[in-house]
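here is a sequence with its predicted model. Questions after.
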Amino acid sequence: MQLRKPPSPIDVPAGARAVFLAGSIEMGAAIDWQRELTAALADRDIIVLNPRRDEWDASWRQSIDEPKFRAQVEWELDGLERADVIAMWFAPDTKAPITLLELGLHARSGKLIIGCPDGYWRKGNVEVVCKRFHITLVGDWAAFVAAVAARC
């Protein structure tokens, strides 16, 4: 397993399989589930694209005119496009509006595996979208890890 995080280049060689870790990041509200999933996939021959930036600066303006913010968003969009699998976790104590946006963007891609436990504020919406577009949906962490590992 190889790990890529922003701002480093995505750099996925032709023929390599990549997994993008989409989902709750909200600093202070979401545990670092990306680290746990990456550890669970450590023995796989894959590239993990983890958007959780080590040196995130909350003072960056949420604007296309803010170069570092824009670079982060573009890194994520590029990673989602390049990935063979998108592992998406909705942590119950978060809102995760960007994750909902990404769910909508990639619902038809065939790449998604969704983990959405009870307690997530929009679980019903996630369930309806997953059913409509035949997306794998699981409701607990162990099943999510198993589903992602099986797809890799």
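That came through, no problem. Numbers count the residues shown, from 1 in each chain.

so the residue nearest the centre of the chain, which of the three states?
Closest residue to the average C-alpha location of the chain: residue 22 at 1.0 Å, with C-alpha atoms, centre = their mean. Judged by DSSP: H, G, I helix; E, B strand; the rest coil, the three-state class of residue 22 is strand.

could you look up the SS state of whatever residue is furthest in space from the centre of the chain?
In the chain, the residue that sits farthest from the middle, by C-alpha atoms, centre = their mean, is residue 65; the gap is 24.5 Å. Secondary structure assignment for residue 65 (three-state DSSP): coil.

point out where the chain drops to low pLDDT.
For the chain, applying pLDDT under 70 flags the ranges 27-28.

helices of that one, start to end?
In the chain, the helices defined using DSSP state H lie at 33-40, 67-82, 97-106, 123-132, 141-151.

need those helices in JSON lines with mean neighbour count and distance to residue 4, can you?
The C-beta positions use only the backbone N, C-alpha and C, and glycine is treated the same way. As requested, these are exported to JSON lines (neighbours: other C-beta atoms under 10 Å; distance: least, C-beta to C-beta, whole Å):
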{"stretch": "helix 33-40", "mean neighbour count": "17", "distance to residue 4": "11"}
{"stretch": "helix 67-82", "mean neighbour count": "16", "distance to residue 4": "8"}
{"stretch": "helix 97-106", "mean neighbour count": "17", "distance to residue 4": "17"}
{"stretch": "helix 123-132", "mean neighbour count": "14", "distance to residue 4": "26"}
{"stretch": "helix 141-151", "mean neighbour count": "17", "distance to residue 4": "17"}
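
JSON lines for these, including distance to residue 117?
Shown next, in JSON lines, are those (distance: least, C-beta to C-beta, whole Å):
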{"stretch": "helix 33-40", "distance to residue 117": "11"}
{"stretch": "helix 67-82", "distance to residue 117": "22"}
{"stretch": "helix 97-106", "distance to residue 117": "14"}
{"stretch": "helix 123-132", "distance to residue 117": "8"}
{"stretch": "helix 141-151", "distance to residue 117": "7"}
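
and residue 48, which of the ones you listed is closest to it?
helix 33-40 (5.2 Å; C-beta to C-beta).
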